[in-house]
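Q: Below is the sequence, then the predicted model.
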Amino acid sequence: MKRVLPILLLTLACARKPAAVSTTTTAEAPQLPADVATIATATTTTTQAPVAEVNRDTIMATGEFVAPTRSELAVKTPGRVARMFVEEGSRVSKGQPLLELESDYLRINLQRAEADVARAKAAEADAARDLERKKDLIAKDSIPRATFDRSQANYDQAIAARQSTQAQAALLRQQVSDATLRSPINGVIAEKRTDLGQRLSDNTVALVIVQTSPLKLRFRVPERYLAVVNKGDAVKAIVDPYPNQVFEGRVTTVGGVIDPATRSLVVETEFANRDGRLKPGLFARVEMAAR
């Protein structure tokens, strides 16, 4: 009995093993969750990304506003800053005073020169009267010719003296005027590089001014639009500071060279910007008709 029991147990174990294997191999695979099954189906059926729709009637681009003119202003004559009339960000108009150099000595010299002009004019008038008298006398042979010639020479010298003093006064007057630095354009003070008391040389940049009205907007368009973008075309721009405001401008220049790297060309537009809300360096989203 002891030998028969182990043999019987071994026989039963061998008999059950094939049945277990048969059950495992014939059972159906478990179903995937719904979300995983959807992803698997999409992976097997999708072969390429969808192509974005392009509106061929409208050109859309991103551009940057730039100032048409940027001036670095320096004084014409060296001097020390006596007065400042503007700060950074100040809006200025053409001819407006921006700063003034010390000019006390120049004004004193100008007063002296103007007094010299007055004396020279008086001497010229006196010489002119004397010459007229000498003309009457020489006509009657009442004076020698040498006397008349001296009178004529005195008159000529008086004229030269008057012209010399006038030139000196004009030079000093111009120096006094040059002591005041004025704006050459309508614009905004972009940089202030000096202050009261600083001494400036004739090549020291004191202020930088940029033109803001009108303002230019530059952007690039693909080369395929070369034939449809023309000077005078209307352009609309939207900027982040004023998202609900549409600014309108006109095309002023269409670039004549295609960039070989991007296959695009530069378009330059102009915006009136009379209220000064648009600033140089501001980015804008641009739309224009592709006619």
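A: Great, that's in hand. Everything numeric in this text was worked out from a predicted model, so none of it was measured. Numbering: from 1, shown residues only.

Q: Could you give the bridge partners of residue 288?
A: residue 59 (DSSP bridges).

Q: Give me the residues contacting stretch 59-68.
A: 187, 210-212, 214-221, 225, 229, 237, 267, 269, 271, 278-290 (CB atoms under 8 Å, 6 or more residues apart in numbering). In short, each C-beta sits where N, CA and C put it, glycine included.

Q: Determine the number of other residues adjacent to residue 147.
A: Neighbour count of residue 147, defined by other CB atoms under 10 Å: 13.

Q: Cross-check the contact I'm expecting between it and residue 134.
A: Yes: the criterion here is CB atoms under 8 Å, and residue 147 meets it with residue 134 at 6.6 Å.

Q: shared neighbours, the two?
A: Common neighbours of residue 147 and residue 134 (CB under 8 Å, 6+ apart) do not exist.

Q: quick one on the thing from earlier: out of the contacts of stretch 59-68, list just those in strands.
A: 187, 210, 215-221, 237, 267, 269, 271, 283-289 (DSSP state E).

Q: could you point out the longest helix in this structure?
A: Assignment by DSSP state H gives helix 104-139 as the longest helix of the chain.

Q: Just the mean pLDDT for that one, thanks.
A: Per-region confidence: helix 104-139 scores 95 on mean pLDDT.

Q: I'd like the next helix or strand past it.
A: helix 145-178 (DSSP states H and E).

Q: Report all helices and strands that that next one contacts.
A: helix 104-139 (3 or more CB pairs under 8 Å, 6 or more residues apart in numbering; DSSP states H and E).

Q: since we're on the residue lying closest to residue 134 once chain neighbours are set aside, how many residues are nearby?
A: Spatial nearest neighbour of residue 134, excluding adjacent residues (CB to CB, 6 or more residues apart in numbering): residue 151 at 4.1 Å. Residues within reach of residue 151, counting by other CB under 10 Å, total 21.

Q: Contacts only, for residue 151.
A: 127, 130, 131, 134.

Q: hmm, back to that, and the ones in strands among the contacts of stretch 59-68, which are buried?
A: Taking 16 or more other CB atoms under 10 Å as the criterion, what is buried in the ones in strands among the contacts of stretch 59-68 is 187, 210, 215-217, 219-221, 237, 267, 269, 271, 284, 286-288.

Q: in a strand, that's where residue 100 is, yeah?
A: Yes: per DSSP: H, G, I helix; E, B strand; the rest coil, residue 100 lies within a strand segment.

Q: Spatially nearest residue to it (excluding sequence neighbours)?
A: residue 83 (4.3 Å).

Q: rewinding a little: taking the buried ones among the ones in strands among the contacts of stretch 59-68 together, which two end up most distant?
A: Spatial extent of these (CB to CB) is set by the pair 187 and 221 at 28.7 Å.

Q: Backbone dihedrals for the residue nearest the centre of the chain, please?
A: The centroid of the chain falls nearest to residue 67 when counting by CA atoms, centre = their mean (2.7 Å). With angles defined as degrees, to the nearest 10, residue 67 sits at phi -80, psi 130.

Q: Tell me the pLDDT of it.
A: We have a pLDDT of 93 for residue 67.

Q: got it, and residue 211?
A: pLDDT, residue 211: 93.

Q: give the contact list for it.
A: Residue 211 neighbours (CB under 8 Å, 6+ apart): 67, 68, 69, 70, 185, 186, 187.

Q: neighbour-wise, which of these leads?
A: Ranking these using other CB under 10 Å puts residue 187 first, with 25 neighbours.

Q: pretty sure residue 134 is touching residue 146, no?
A: No: in this structure residue 134 lies outside contact range of residue 146 using CB under 8 Å: 10.9 Å.

Q: ok, these two, which is more surrounded?
A: Ranked by neighbour count (other CB under 10 Å), residue 134 and residue 146 place residue 134 first, with 20 against 8.
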